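Trainee: my questions concern the predicted model and sequence given below.
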Amino acid sequence: MNRNRRTLSLTLIATFVLMALLVVYTTRLMYTSSSSYLLELGNDKAAAITADLENYLDTAKSVLWVTADTVDHMLANGATDAEIVEYITRESANTGAQFDDTYTGIYGVIKGNYVDGVGWTPPPGYDPTARDWYQTAIAARGEPVIASPYVDAQTGKVIISVVKSLSDKHSVLGLDLTLSGIQETVQNISLDGNGYGFLVNYDGFVIAHHNPDESGKKYNEEPDKTELFNKVIGIDKGNFNMEIDGKKCTVFVNEVLDQWHLVIVIESTALLGDTTSVLVVSVLISMLVFGLISLFYVFAHNHERKITRRMDDLKELEHKKDYEAKLLKLEKAAADSANKAKSDFLADMSHEIRTPINAVLGMNEMILRESKEEQTLEYASNIKSAGNTLLSIINDILDFSKIEDGKMSLVKVEFDVAEWVSGLVNSIQERARAKGLELKIDVDETVPSKLYGDDVRLTQVVVNLLTNAVKYTEKGSVTLRIRNTEINGDDVSLRFDVIDTGIGIKNQDMDKLFMTFERIEEKRNRNIEGTGLGLSIVNKLLTMMDSKLDVSSRYGVGSSFSFSVVLKIVDAEPIGNYEERRKQLILHSQTVEEHLYAPKARVLIVDDNDMNLKVATNFMKLFGIKADTCSSGKETLDVLKSNKYDIIFLDHMMPVLDGIETLKLAKDKDLIKDTVVIALTANAVVGAKEQYLNSGFSGYLSKPIVVKDIEKTLKKYLPEDLIEEAPLDTDASKTTSSLTIDKAREAGLNTDAGVEYSCGEEDLYLDLLSDYAKDCEEKCKELDSYLDKEDMKNYSILIHSLKSSSRIIGADVVSALAKDLEDASKKNDMDFVQINHDNFLESYKALAAKLLG
Ligand code: ADP
């Protein structure tokens, strides 16, 4: 800003100086041209005067010449004085017209006598030969000359005499001329109306003057004029400046007839009159121009300043924007890093927390198995339920942080829609049943049977919605509806609706629905487990799938959560009736041709629960495998000393030595080399896999075991040469028992629970039932013997196992009796055991008889 102002000032000063120079230069130019013009004017006047004078004098000279010639001739012819005078008189009269009124005629000295053409008689004593004119003529020797001018005493006019000597060299003729014409000319001298002129001879005699009073004065004798006169004489031709009568004047000089000087005097101010006005005008114009230029500059400067300011503003704005953008970036980076830190923290925490929780749950499992204290058992069962809830919360948080962190990506695979829906149903069925809710599955018959997408994440979304529906519904139903809304080439758009008849959501609470950790109506729902994360995760997962959740709800009536996803079609064949398709699937899965067949594979199954062992070994039969079993870690280590296996399925939660410890010891003792060890666990949480892999397992299967998963694992880990083509007539899974579901139901069993435990596989269930019935006699004997020996430790272990087995097959009554005995035996309550032992045996045997009958 300051620099601009300085530039402006410098520019204005420079302009001012230039303008001033221009004015001075113009004025000077003007002055010079004007003075040279005046000089020219003066010269012209002088020339004109000279010409006039010369003309005048020439006339006089020629008159004189002719007269003198005639008189010479007359004298030579002896003419008398009277004749000569007469002649002169006549001649004077004749020539008078050629001169002005003051013409005095011809006069002279002839032979010593004064003669006069106009009859003038000289005063007495007048000696013409003493006169200046006479002597000048004699000195000029016959040449006509002008004698010194003088002032006529009568007229007061300046008179010059033109004289010429005659041939006798003593006689002289002359004529006088008044310089009235010259006077007039000089009087009229002015330069453009200014100044005056005069004519002066070398003697300082003023021949003519603008002011007639000055004529005849001798300037070489006038004190105030000598300086002027000397300068005039000194210069001859040209001009000079000098102060005359106290005024600055310019004097122009020009020589006339080599005898006189024409002088023009003009006051400098007058001379500069024009120049001054030019100066004034040009100064005014310059000032005006300067003013305009200044204005222009100031205007331009202001304009520039405005522009600069605007540009500065813009720059500032740009800077500001830049700054804001940078700030925003920084803030975003800070927020991102804070978010990342938060996600990392959540991920780390949930991961870290999960390990101790698993330990707690594991220990708790021991308490549940080993404690005899009723109160302790109740506490432990509470710990189990709270622990599981905690685990699911932690899993949610881990999922959430993974999504937040962008670490979660969709893994698309081919999947069978009916199988997939069936999985969904399995995962929610029990909870719905426990709450007495009807679970309705309504799948559009036109949905293509095989699709391509991330089935795991899709499951997570739907299960979350179904779980919420069950959680927030007290009575009525929960419906899962899947509609085929559009098929577009290879893509199908599926719309999912999860509809419940639950508590509903108030309109004003709708906004809070997707907020992280936000729960609605906390007071009312305080008894319902939840973190407020579920729907956030659902929403984020749906966003990843280019979808979003729609919610409609009526408070107190129910809610509907819907979304649409586009999936690729792998098999466009319509799924048809879902229920039938599901049944077919189950049937299909049980046909031997579908299963892998590896009769030579050596498989060991380790689980402390007999029933689990049975389930697993029965599954193995489907693949033609006769599996060995162990029910403890210790036993496993013993078996491994003398046996080699291709695969070991090792349960994690076992008393004394758990799966992880058993594996570690087996490795330390070098009991397993090429054997693949798969963890069997009820711990199905996210991250469990890593935990097992880190502990040396090759993989893990979560309980309850699913045939498909076992088959996948076998396919993956068994050496190829062990896998054979299955004989077509092999039907290893088929039970030989005459048992039927109806029969079991009639025997009072909860067959639904039993079939469910067998992964919906009825045959397997019937197989289990048959084993259960067949084992009855042997187990009863065993129990009897423990009681006889009062071996309560083994009695309690056996009765615990019978309790679990009974529960698994749906023999709730027998299981309850066994539980009481187990509790009593754990407490060493012999009385109770003695009284109730038989009762239990009777019930067990009666049931077995019914089943086998
Ligand atoms: P939460 O873990 O609390 O279930 P969600 O994110 O899954 O968390 O759900 C957020 C809130 O939305 C719940 O606390 C509940 O108040 C409400 N909500 C979710 N689903 C339903 C439903 N089907 N019926 C009524 N309210 C629901």
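Mentor: Looks like it arrived, so ask away.

Trainee: helices of the stretch 551-700 of the chain, start to end?
Mentor: Secondary structure of the stretch 551-700 of the chain (DSSP state H, counting those that start in this stretch): helices located at 578-590, 610-622, 633-642, 659-668, 688-694.

Trainee: quick check: which of those is nearest to residue 50?
Mentor: Minimum separation from residue 50 across the helices of the stretch 551-700 of the chain (CB to CB) falls at helix 688-694, 134.5 Å. No exception for glycine: its C-beta is placed from N, CA and C like everyone else's.

Trainee: of all the helices of the stretch 551-700 of the chain, which one is nearest the ligand?
Mentor: Smallest distance to the ligand across the helices of the stretch 551-700 of the chain (CB to the nearest ligand atom): 21.3 Å, for helix 688-694.

Trainee: send me the closest one as PDB with only the CA atoms.
Mentor: Provided in PDB are the C-alpha atoms of helix 688-694 (Å, rounded to 0.1, in the frame of the first residue of the first chain):
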ATOM      1  CA  ALA A 688     -12.200 -67.300  18.100                       C
ATOM      2  CA  LYS A 689     -10.700 -68.600  14.900                       C
ATOM      3  CA  GLU A 690      -7.500 -66.600  15.400                       C
ATOM      4  CA  GLN A 691      -7.300 -67.700  19.000                       C
ATOM      5  CA  TYR A 692      -7.300 -71.400  18.000                       C
ATOM      6  CA  LEU A 693      -5.000 -70.900  15.100                       C
ATOM      7  CA  ASN A 694      -2.600 -69.100  17.400                       C
END
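
Trainee: winner for burial among the helices of the stretch 551-700 of the chain?
Mentor: Scoring the helices of the stretch 551-700 of the chain by mean neighbour count under mean count of other CB atoms under 10 Å gives helix 610-622 as the most buried, with a mean of 22.

Trainee: which of the helices of the stretch 551-700 of the chain has the lowest mean pLDDT?
Mentor: If you rank the helices of the stretch 551-700 of the chain by mean pLDDT, helix 578-590 sits at the bottom with a mean of 68.

Trainee: what residues of the helix or strand encompassing residue 430 count as buried?
Mentor: Assigned by DSSP states H and E, residue 430 falls within helix 417-434. By neighbour count with 16 or more other CB atoms under 10 Å, helix 417-434 contains the buried residues 417-425, 428-429, 432.

Trainee: helices and strands around the strand ranked longest in the chain, which ones?
Mentor: Using DSSP state E, we find that the single longest strand of the chain is strand 558-574. Judged by 3 or more CB pairs under 8 Å, 6 or more residues apart in numbering; DSSP states H and E, the packing partners of strand 558-574 are strand 448-453, helix 455-471, strand 477-488, strand 491-500, strand 550-554.

Trainee: and it, anywhere near the ligand?
Mentor: Yes - using CB under 6 Å from any ligand atom, strand 558-574 reaches the ligand at residue 559.

Trainee: give me the mean pLDDT for that strand.
Mentor: For strand 558-574, mean pLDDT rounds to 94.

Trainee: cool, and stretch 373-392?
Mentor: Computed over stretch 373-392, the average pLDDT equals 78.

Trainee: roughly how far out does it sit from the chain middle?
Mentor: Its chain's average C-alpha position is 57 Å from that of stretch 373-392, according to CA atoms, centre = their mean, to the nearest Å.

Trainee: list the buried residues in it.
Mentor: Quick answer for stretch 373-392 (16+ other CB under 10 Å): 377, 380, 383-384, 387-388, 390-392.

Trainee: do the same with stretch 444-456
Mentor: Across stretch 444-456, burial judged by 16+ other CB under 10 Å covers 447-455.

Trainee: rewinding a little: now render the helices of the stretch 551-700 of the chain as CSV, adding distance to residue 479.
Mentor: As requested, these are arranged in CSV below (distance: least, CB to CB, whole Å):
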stretch, distance to residue 479
helix 578-590, 13
helix 610-622, 32
helix 633-642, 46
helix 659-668, 40
helix 688-694, 32
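
Trainee: which ones are touching the closest residue to residue 482 other than its chain neighbours?
Mentor: Excluding the flanking residues, the one nearest residue 482 by CB to CB, 6 or more residues apart in numbering is residue 443, at 4.6 Å. Going by CB atoms under 8 Å, 6 or more residues apart in numbering, residue 443 touches 417, 421, 481-482, 575, 578.

Trainee: show me where pLDDT drops low in the stretch 51-200 of the chain?
Mentor: 100-102, 153-154, 181, 191-192 (pLDDT under 70).

Trainee: tell me where it has helices.
Mentor: 81-95, 132-140, 180-187.

Trainee: among these, which is nearest the ligand?
Mentor: Of all the helices of the stretch 51-200 of the chain, it is helix 180-187 that lies closest to the ligand, at 127.8 Å by CB to the nearest ligand atom.
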